[in-house]
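Undergrad: fold the following, please.
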Amino acid sequence: MDLSQLEVFVAVVEERHFSRAAGKLGRTQAAVSQTIKKLEGDLGAALLDRNSKGVIPTEAGRLLYDYARRLLDLRDETTQALRQLDTLTAGRLVIGANEQTVTYLLPWLERFIRMYPAVHVEVKRCRASDVPAEVLRHGVELGVISFAPPEAGLHALTIATDAVALVTAPHHPLAGRASVSIRELGQETFIAHNVVSRYRLQVVEAFARHRTPLRITVELPSIEAIKRMIEAGIGVSLLPRLCVAAEVARGQLAAVPIREMRLARKLRVIYRQPSSLSRAAQAFIALVRHPEPENTSPENTRPEST
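TA: Just a heads-up that it's a prediction; the model follows:
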């Protein structure tokens, strides 16, 4: 018993006639009769009563019809669901990122959601160092990181670059400066993210090279909390410019370049290679390869095999 046999059987029951069922299915009446005969033989039961007015299902036939109709409806539903995935009128996209990289990702997410509103988008919060492993073990389909992944089997696409700046309250004495030197920051109170990262280590090393103390007196678990503390005048911080772009534009914060600190961060989207991506993931990759959304400073996007 297979779906093609059930399709013939359902057509005969609904049309109540072999010839009309044959016409509906685009088959010969002999082929329809042979299919029904084989189905009855396989099941060991008579399914149809034949008379001069047509055919009616037997008790076994009525039972089979109920199940066959449900199976064929499920087949059609499955086909429709797959078609929706292919046309992005359904589906799911899961991206792994940490808190800072999500900020970079937001303009592209906004564009993607506007283009494909029926696709469910989830950004799974991960530590940056864990994102490549999450992608490789299929925990997420795409990952967003600010370093070149060392793991084999990943493809990386650079989608943006950003520079680190001194972030202060707008009334801070350094806020109006065109730039500052590390040596001018030895007496400042710094607010830092309490997750140790490669970026933080680079900052510590830069201050050490210039023999300037880095006075981290407040550590917080989120970038948003750090921004609110800076705005309140509690201290200053070293943050990627894009993380504070909205607040700087509104005049809530100020971002000042540091002359000796050119820590350009590259934002990369990573994915398994070779591996088949969902249509949603393919659409997102295609989107970030195209002209960039507002408020970003990306380089030309290019794949990097790792």
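
Undergrad: look at Ala175 and give its secondary structure.
TA: coil (DSSP: H, G, I helix; E, B strand; the rest coil).

Undergrad: right, and Cys126 touches Asn98 too?
TA: Yes - look at Cys126 against Asn98 with C-beta atoms under 8 Å: they come within range, at 6.2 Å. For the C-beta atoms, the positions are set from N, CA and C on the backbone; glycine is no exception.

Undergrad: need the per-residue pLDDT for the residue located most distally from the centre of the chain.
TA: Of all residues in the chain, Ser52 has its C-alpha farthest from the mean position, at 61.0 Å, by C-alpha atoms, centre = their mean. Predicted confidence (pLDDT) for Ser52: 71.

Undergrad: need phi/psi at it.
TA: Here is the backbone geometry of Ser52 (degrees, to the nearest 10): phi -70, psi -20.

Undergrad: if I look at it, how far off is Ala280?
TA: Applying C-beta to C-beta, to the nearest Å, the value for Ser52 to Ala280 is 56 Å.

Undergrad: confirm Ala192 sits in a strand?
TA: Yes - with three-state DSSP as the criterion, Ala192 is assigned to a strand.

Undergrad: in the stretch 51-200 of the chain, which spans are helices?
TA: Here the stretch 51-200 of the chain has its helices, by DSSP state H, counting those that start in this stretch, at 59-87, 99-115, 131-136, 198-209.

Undergrad: for Gly139, which non-adjacent residue is closest in space?
TA: In space, Gly139 comes closest to Gly96 once its chain neighbours are excluded; the distance is 6.9 Å by C-beta to C-beta, 6 or more residues apart in numbering.

Undergrad: who's in contact with that neighbour?
TA: Contacts for Gly96 (C-beta atoms under 8 Å, 6 or more residues apart in numbering) come out as 123-124, 126, 130-131, 134-135, 139-140, 142-144.

Undergrad: ok, what's across the strand from it?
TA: On the basis of DSSP bridges, Gly96 is bridged to Lys124, Gly143.

Undergrad: point out where the stretch 201-306 of the chain drops to low pLDDT.
TA: 263, 291-306 (pLDDT under 70).

Undergrad: please enumerate the helices of it.
TA: 223-231, 245-250, 279-289.

Undergrad: and the first one, what does it pack onto?
TA: Right, helix 223-231. Helix 223-231 sits against helix 99-115, strand 164-168, strand 190-193, strand 216-220, strand 237-240, with contacts defined as 3 or more C-beta pairs under 8 Å, 6 or more residues apart in numbering; DSSP states H and E.

Undergrad: may I see the buried residues of it?
TA: 223, 226-231 (16 or more other C-beta atoms under 10 Å).

Undergrad: in TSV: these, plus distance to Arg250.
TA: Output for the buried residues of helix 223-231, formatted as TSV (distance: C-beta to C-beta, whole Å):
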residue	distance to Arg250
Ile223	16
Ile226	17
Lys227	12
Arg228	14
Met229	17
Ile230	14
Glu231	10
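
Undergrad: closest one of these to Ser276?
TA: Using C-beta to C-beta, the shortest approach to Ser276 within those belongs to Ile223, at 34.5 Å.

Undergrad: Val180: neighbouring residues, count only.
TA: A count of neighbours around Val180, defined by other C-beta atoms under 10 Å, yields 19.

Undergrad: likewise Ser237?
TA: Ser237: 26 neighbours (other C-beta under 10 Å).

Undergrad: now swap in Asp2 and tell me
TA: 8.

Undergrad: what's it sitting at in phi/psi?
TA: phi -140, psi 180.

Undergrad: circling back: please report how far the residue nearest to Gly139 lies from Ile285.
TA: 15 Å.
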